[in-house]
Structures are given as C-alpha cells and as structure tokens.
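> Dropping a prediction and its sequence here:
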There are 2 protein chains.
Amino acid sequence: MKQKLVVIGGVASGTKTAAKAIRENPDLEITVLTEEDYISYAGCGLPYYIGNVIKEKKHLTVMNPEKFKEKDITVLLHTRAEKIIPGEKKVIAKDMVSGEVKEFPYDKLVLATGAKPIVPPIPGIELKNVFTLRTVTDAVKIRDAVEKEGIKKAVVVGGGFIGLEVAENLTLQGVKVTLVELLDQILPNFDKEIALLAEKHIKEKGVNVYTSEKAVSIEGKDGRATALVTDKRKIEADLVLLSVGVKPNTQLAADAGVELGVKGAIKVNENMETNIHDIYAVGDCAENINLVTGKPAWFPMGSTANKMGRVAALNLYPKGEKESLAGVLGTTVVKLFDINAARTGLSERDARNEGYNIVTVLVPASDRAHYYPGAKNIITKLIVDRTTHRLLGAQIIGEGVVDKPIDIAATVITLRGTVEDMAKLDLAYAPPFSSAMSTTIVAANVAQNKLLGKIDGISPLELERKLSDSQLQIIDVREEAEYVVGSIPGAKNIPLKEIKKRAAEIDRDKETIVVCKIGLRAYLGYLALKSLGVKNLKILDGGVTAWPFKLE
Amino acid sequence: MKQKLVVIGGVASGTKTAAKAIRENPDLEITVLTEEDYISYAGCGLPYYIGNVIKEKKHLTVMNPEKFKEKDITVLLHTRAEKIIPGEKKVIAKDMVSGEVKEFPYDKLVLATGAKPIVPPIPGIELKNVFTLRTVTDAVKIRDAVEKEGIKKAVVVGGGFIGLEVAENLTLQGVKVTLVELLDQILPNFDKEIALLAEKHIKEKGVNVYTSEKAVSIEGKDGRATALVTDKRKIEADLVLLSVGVKPNTQLAADAGVELGVKGAIKVNENMETNIHDIYAVGDCAENINLVTGKPAWFPMGSTANKMGRVAALNLYPKGEKESLAGVLGTTVVKLFDINAARTGLSERDARNEGYNIVTVLVPASDRAHYYPGAKNIITKLIVDRTTHRLLGAQIIGEGVVDKPIDIAATVITLRGTVEDMAKLDLAYAPPFSSAMSTTIVAANVAQNKLLGKIDGISPLELERKLSDSQLQIIDVREEAEYVVGSIPGAKNIPLKEIKKRAAEIDRDKETIVVCKIGLRAYLGYLALKSLGVKNLKILDGGVTAWPFKLE
C-alpha cells in the first residue's frame, strides 16, 4: 500500500513540501488540506496588488489544485483540519462548503498552518472597511474598496513591513494615509536611527506617521468605519488596516500535543521534526534558531518557509544523512517609496541585550561609481563583536541598492566571518554596479579603524540625548557653505583646513564631537584635533547624512 | 627630519596609498610622481565617457594636485620616473615639460606604475584614428574623433571588457561597430557557453562579431585609418580601437632589481612588500594570489588596487600586526547593452586545468518575484568541488541583476563555504528584490541534487558536440506549443504529462538527454524516464534558455 503524506496548509511551505516530496518519493500519496480559497499564492505580493503595481490577481495565484493534480498531489480547498489524532495517525477535517467531516489517515504529517494576523481587541473592528491583510481574499477586498468605493483616507495601524508596504501602495492609489504605531519607532526589527530615517522619508512622501500612539477604537456610521481613535487624537478614515503583527497558527497542533516554543510557534529541530514522531512543521507556524545566538526565535518569512519545506520533504524518508536547516538570521528587506531598508543578524539593541561587547559603524557611501548616472547613496550600519571581530548584524538604508550588501553581510555572518574578512572581499566592480571601494568594504574598513582604536564614534541617538550638555562641543568641519544649509544643533563650524589656525577656539577639556557630511572629513578633523591635544574626542557616526533628527 | 615617501604612479592605488599613508602618519613627506596629465581618474569609467553616458570629463577627474596639496601630499604631473637606485634610496625623474631631471630621495618607495595596453605589432598602427584606451587623454581623443569627425564605422580589436564596453558605447553614439577577437570566444575569462550568450546578445544589438580571427594590418588613406584587414576579410573602419589586453608596466622596477612574477607583474607578499626592503608595489603593476588555488596570478582591477593601496599604506610604519591581502578571486562584472555578465573564482576551464573533480550547474531563474514588474531572468553557473562540495567559482549572465549573486558567491568562496552552506543562506526577500527562493539558492539546490546523484546533466557545449551522434536521443518535455517555437536540433517532443503513455516511443538503450525550458520539468521528466528504465540519462543543463547555439 502507498505511504500517505498529509500536509495541513497550502501557501508557501506546505506546497513546497508536497512538490519536493513527490519528486523524492514518486509513489507517495499526498493530500494537502487548506481552509483557504487559494493555494501557493504570493503572500508577500499582496500589498503590491492593492497598489495596482501587480495588476491582476492571477499573477498572485499561479498554481491551482488542477496543476497539483498533474504532479499527483491532491489539494483540497475550503477544507479545515479540525483535529489531529497522533495515536491513530489521522487528521479530522471539515469541508467548509458541504459541511462534511472526513478522516485523513497519514503515515507522515506536515504542519504548515502559517501565521494569522493579530487583531487588537478594540471596539469597532467589526465595521465594514476594517481589514487585516493575510490572504488573497483580503487583498481583493481592500483593492475593491479603494477602487470601487472611492476611499479617500485610510489609517494603517502598525508600522511593520506589511503596514508600511500597504501605506505606500494606498498612497500610490491616491489615498491619504495615516500610520499609527504603538512603539516609539516604525520598523520594529531595525535600530531606531535607521527607523527614523525611514520615517522621515515616508513622511516626505505624504504619509502621516504617529509613533508611541495607541489605537483605542474605531468609530463608524451606518456600519462603515469613519475614524480611528487613538489615545491622542481622532483620525478620519474610510478604511482601517489592522497590521499590528502576526502570531503562529498553532492551536490545532497544540491540541494534539505538539510542543510549542517561542511566541507559540511549533518547536522543531533542525530536521523540521516536532516532538511527535512522524509529525513535521514548516513555515510560519514553526520556530527557528537564530544563527548568531543559537537560541530559538521566530522569523516568519517566505524565503525561510521554502527552505523548511525542502528540508522536511527530504527528511520524510531520508536517504542517507538527514537534511537540516541550522538557523536563520532574520534577514529582511523592504521598499518604501524611493528608499530601501534591509537588515540581517542582530540589531545593536539585540546584541546589547545578548551581552555582546560591540562596536557599531554608520557609513554613508555611493552604491556605484559616483560619476555613473543613477548612483545613489546608502547608509550601512554594522554591528561587530569587539572580542572576535565577527560581524553580528547589519542594517542598510537609502535610495540605492541595499539588498546586495545585506546579502553579502548575511553570507559573512553565516560563515562566521570577521570585519577583516569583509574588508578584503573581492567584490564585483564596474562603474554601473559598484564603486571601486564598495560600500561594504568602506564600512568594514571604518569598523577596523574603530576596533584598532584609531577613531572613536558616537551614534546619532546618543548625541541627540546629549545635545543640551554644556560640557559638550560639536565641531562641524565642513565648508561654511555646507554648514549654513543645516548642521547639528549647537555645532560650531571650523572647516577642516582651518583647524590648526583656529586651534584657540577649541576647548581641549570638553567632550568634543567632530561632524562632517559622511564621516571622512570628520576622521581627518579627529586626527587634527587629537594632535592639538583634545582628548575626549569622537566623530559623529554617519555625519549629517545619517542624522535622523532636525538640522539647525 | 621627516620621513619621505615617494609614490610612482597616480591613478587608483598610488593616490590611495598616499591618502591613507598621510592619515596614518601625518608627519610623512609624500611625493607622488606621475608622467600622466591627470591623477586619480576613473579608469573604468572611460568607455562610458566615450559613449556620452558620462557627459563631462570633469566627472572622471575629480581630484587634482591642488586637492592633494590640501592633504599635505605633493603630486607632480608630467614627471616620469626614469630610474630607481635602491642602494642610495632615490628615484631619478624627468619633468617632461621642462626636461629637467631631478632626484627624489625616499625612505619608503611605493610602485604604482599600473599596466599599459598591448599594441599588436601590425602595420598601420601609426595611422590617425587608431587608438588604445587607458588614459583620460585617450578617451577624450576617441570621443572627439566620434563627435567631431563624424565617425561612421569602427573596428574594435579584442573582446575583453574594455573592447566590449567601447563597442557598446560607440554603438550608443551611432557608430557601426565590428569586433574582432583572436580567440574562439569573447570574454576570455568566462566559460564558453556564457561567452556565447553574451556574443548572441551584442550581435542582436547590432555589433558584428568575428571570433577566431586575427588582425593583420590597418589600411589607411591620407594618413587616416580606413580599414582593418584580418586573416579572413577586410573591414572598413574610420576608427580602430586596439584593445587586445594590458601588461604590467614594470620595466622601471625590473631595472632596479625588483623581482617580477606572473606575466611580468611585480612579485609582492601579502603585505605588498617586494624583494627589496622599503620598496612596495600596489595596483595593476603588482602580482596577486588566486585565493582558490593559492597560486600567484595577475588580476588588474581597480577594486583590488584600492585594497592593495590601503594595505601598503598601513605597512609602511606598521603599528602592531601587519595588514595583509591574502588574495583575490578575479571577480568581475560587465554591462553589455541590456545584459550583465559577472564571474568570480575558478571558471570550469580553470578548475579542470587545476585538476579539480568538479560538478557544474547552469540554472536559469528570475532575479525577483516573477509577478513583480521588472523581474528578469539570469542564468547562474556554479563550479563546485565534488570532493569537498566547496564552491570554486560562479558565472552569471542575463538581463537581471547579476552583481548581487556574484558577490554572494565571492563571499562564499572566500569564506570557504560549500553549496550546502549556500543553499541555506538567509538572503533578503521581498518581491521587489528577490524570489522567495533566490537564484543563488535554487542553483545551490541543483548542485546538491547533482552531488547526491539525484540527477545527471550535460552542458550545452558537450551536447552540441554530440548532436550528430546517432546513439543519442533528445527528449523535449515541454508543451508542443513551446517546442514548435524552437528546440534543440534533433529533439523529439514528448510533453511531460505524456511520458508514461508514450513510453514505447523511447529507446531505453540510447543515451537520452531530457530538455525543457529551464531545467525543472526536465528534472521531473528525468525521474519519469528513470522509472521507465532508461539508464544512460541526463538533463540538458539550463534547458533551452541557456542553449547558446541555434534552435531548430
């Protein structure tokens, strides 16, 4: 008799597991159960469907049950798994259309139940035009509302990736968007100075942003949403998107005795096996390991889901050594209007919380040869272990290309490279693609300078907290013409060339911060001031370019 | 008395060394000698100046002696170093304008004499409008000829990067270009199937390409070039660019007793020290180590030049451990009209010559989510060590982004990663930037399948050589509608779904090649045919997409 594989869940990891499993074991009888209307759809593309960047729904839903049938895989839509009975190796599921309840016996069971949006328990969430976004059906409803009901104003609650991408796409559709975030920054996985730069940009693009603000209720009229009320104000809105986060969809698993881990995600080992024999878990419902710390974590990502699906499929009936996924880095990238932001590994905050003794750098540089048309700046932040010099994390933001350098950083972290390794990488150079000294290498060189004590830096956040300190002097070493356009509040302008001549104007006993546009002239100014005997001396990391606060 | 540093050469590595040296040792007295008219110019940008992509000369020549003076560095233009006397620690140089000969005593000497174009010894090279391209002055002359003399037809001799980039840029200027290459392929550092794809593209863009053809002479009239004569034909041309390669400019060094290595480049250790104490060499005049083989090599690249300059500068007066550059990978990237091509590490040919037992893959895939606007295909070739599974090299070509995946590959090779490591990288995913399964990961997965013996492949080059073999059958498993548009010569169409049904049409004793568009359906067809008992079975690597020859 044929071995039976049942997969619960039909988006990324579930269908990946099924497709790979049948290639590995052509005799397997595979059934995929999903309560949704679509399978294998492009979950990460949904915001772009709302914005009409992706024109047609069919582009999001390339696969269907018929196409899986051709691969000898049975997919049952509208079929909700209601109970798993591990002792009898069967799943009880209900056809949501006919109401019929069926049993699905299995030899191997793969849980790919994904995650679901967290809905904040506030009054008004039942009103029309209040949405969450997780499925194709959700996206279609939102776009229909925008295009057919003439939505003018929207509020997005939550400043994570989905919230931000929807804010952008609604704006592209001509909707005035206000974004409300409970935390004191958008992009919660990024360090604050990077998040502030992103916030500045989306505000320039016309999105209202309110951070440290709590959604309290949604008001409506005739059953339709009319406003979001926060703890600070009332914001008129014809449409409200609740995008405050997701949680793993694991009640079914938990009820069956499957062990849960971080944030309620299913505990799996690196072979995607759960605590119950012959039950595997993959995708957004399953836990990961943070490759840097070695600790359990939860990073629900489509890219990871695919890898997990492949690993699980190979381990159902392993030939030889089992396949494994040691862990992930939480690498992510997001486009926000004209800028891009990406991260990998530990943030500065993560690293400090984990007890690492770290050095950070913040380095603006051009993503390709400055003289080549289309060259744009990016700002690279590196988080480096002071003891081992290993790269622990990176965050990159700017109008230029960020996905390339973040992927290089992710590769360095995965292979446990140091900043010295990074600085010597032989990366591809030609003017249309890179500078001769790529941003990655420049940032690694600055990190080396800091590690060797050649230079000391202060982060924009730290400097901003100290601005009112009278024992602090800030020297802006740019030319006067640059200085007058805008500088750090309280900074005194002494152009680099004039430092020696104007030495008398500098108080050698004060803590001194040297500022320039990106950090290079500040480095030279630092050396000059050091030779003049200034002792408590730092440069402003990232210079005026990476300063996320107001200039004066 | 101040220590004296003399640098000979003022383009990338020479000026980098000087600028870094003064930061490290502010008291150093630095003199840079160059016989050229410009310093620190963008050598790699010159083809784009010819094409008017870079509009103005000033964008190529941002630095000048005055700006170096501000850094306390003396730069002497038009000053040719004529002799080095290591015993007396001095350089004899001649001012090419005044004719004056001067002595420059040094404590440390850095050789950054670069490379110079090889001029083939053929009749007619002295004619007007016969050029080489290495300096800003060369580029200005060529663009002036094109824009002011109404050049209509040009011949480029040499199909390396510079030749190809100039061919593109002349075409953009409305010039009809013919490219003549002595070897049997353009892009000599790439494997032939990749080079053939590039050749196909530039031909589509209007460039005539003749490979395996030797330039014999240049004909002229009234002192101006009128045609290039090859061993096969005569090609009319108002302009001839000789771009057959470069050689290190090291006669001066050799005369002083500095030891030379590979291809006449100056032998240096990883600290950029030559065999003579206090003499260093950096940039295109100096040798490198191939990081994969550990053997000396010569990869003249602007990116490497900058790293070497930094290393030399730090080692003039080392504080603590010496800085080193262990080696490079020969990573390069080139834009050719609408496609991009990149390479790193060993080519398949290099790897076989070095005696590696290798596996290669050729994998077409989309550079971002297929449904996101602007998604484009690239073809990834990996060269993998069968014994250790380590990545040895990669080559990528296509309309999509190639510099990102080649940089990831370069990082994996540098940190001695395997394809298993590569397949598990947590790379940044969002639809505007990548597919959920990035091209890099897909290619690494295919390599794993090959290493595990799950599938066997044949390269396009190998299949093309065998096409007339009567013991070979080629099965194209695509749909009929795809097959009729064009397939491999002699291929029989049996769509994937029909394989079982039409098993009788398949000769189980013949060597069988399974073909599809990119390789995925061929993999499924391979499994189906294997289960039917076909033994001598392979898929065509890269499918019809990567087939660089004519389709039928």
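Yep, it's here.
> mind listing what's buried in stretch A:545-552?
Buried residues in stretch A:545-552, counting neighbours by 16 or more other CB atoms under 10 Å in any protein chain shown, are found at A:545-548. Where C-beta positions appear, they are placed from N, C-alpha and C, glycine not excepted.
> same deal with stretch A:254-268?
Under the neighbour-count criterion of 16+ other CB under 10 Å, stretch A:254-268 has A:256, A:258, A:260-268 buried.
> Show me the two of the buried residues of stretch A:545-552 that sit farthest apart.
Using CB to CB, those reach their maximum pairwise distance at A:T545 and A:P548, which is 10.2 Å.
> can you give me the strands in the stretch 151-300 of chain A?
Ranges of strands within the stretch 151-300 of chain A are A:153-157, A:176-180, A:208-210, A:215-221, A:224-230, A:234-236, A:239-242, A:246-248, A:279-281, A:288-289, A:296-297, based on DSSP state E, counting those that start in this stretch.
> Could you list every helix and strand in contact with the second one?
Taking 3 or more CB pairs under 8 Å, 6 or more residues apart in numbering or on different chains; DSSP states H and E as contact, the helices and strands that strand A:176-180 lies on are strand A:153-157, helix A:161-172, strand A:208-210, strand A:224-230.
> how about the ones you listed in a markdown table, adding mean pLDDT?
Converted to a markdown table, those look like this (pLDDT from 0 to 100):
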| stretch | mean pLDDT |
| --- | --- |
| strand A:153-157 | 98 |
| helix A:161-172 | 97 |
| strand A:208-210 | 98 |
| strand A:224-230 | 98 |
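> Mean neighbour count, those: which tops it?
For these, average neighbour numbers computed from mean count of other CB atoms under 10 Å in any protein chain shown are highest in strand A:153-157, which has a mean of 26.
> Pick the one among the buried residues of stretch A:254-268 closest to chain B.
A:V268 (15.0 Å; CB to the nearest CB).
> near chain B, which residues of the stretch 1-150 of chain A?
A:12, A:23, A:26, A:42, A:44-45, A:48, A:53-54, A:59-60, A:62, A:70-71 (CB under 8 Å from any CB of the partner chain).
> one more time with 6 Å, if that's ok
Residues of the stretch 1-150 of chain A that fall close to chain B, judged by CB under 6 Å from any CB of the partner chain: A:42, A:44-45, A:54, A:59.
> ditto for the stretch 201-350 of chain A
With CB under 6 Å from any CB as the criterion, the stretch 201-350 of chain A meets chain B at residues A:302-303, A:306, A:325, A:328-329, A:331, A:333-335, A:342.
> 7 Å instead?
Contact residues, the stretch 201-350 of chain A versus chain B (CB under 7 Å from any CB of the partner chain): A:301-304, A:306-307, A:325-326, A:328-329, A:331-335, A:342.
> cool, and the stretch 451-552 of chain A?
So the stretch 451-552 of chain A meets chain B at A:497, A:524, A:527, A:531 (CB under 7 Å from any CB).
> hmm, try it at 10 Å
Along the stretch 451-552 of chain A, the residues adjacent to chain B under the rule CB under 10 Å from any CB of the partner chain are A:452-454, A:496-497, A:520, A:523-524, A:526-528, A:530-531.
> Any chance of the helices and strands packed on strand A:176-180 in TSV with distance to B:A351 as columns?
Compiled in TSV, these are given as follows (distance: least, CB to CB, whole Å):
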stretch	distance to B:A351
strand A:153-157	52
helix A:161-172	41
strand A:208-210	53
strand A:224-230	61
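> Which among the ones you listed is found nearest to B:G490?
Checking the helices and strands packed on strand A:176-180 against B:G490 by CB to CB gives helix A:161-172 as the closest, at 49.0 Å.
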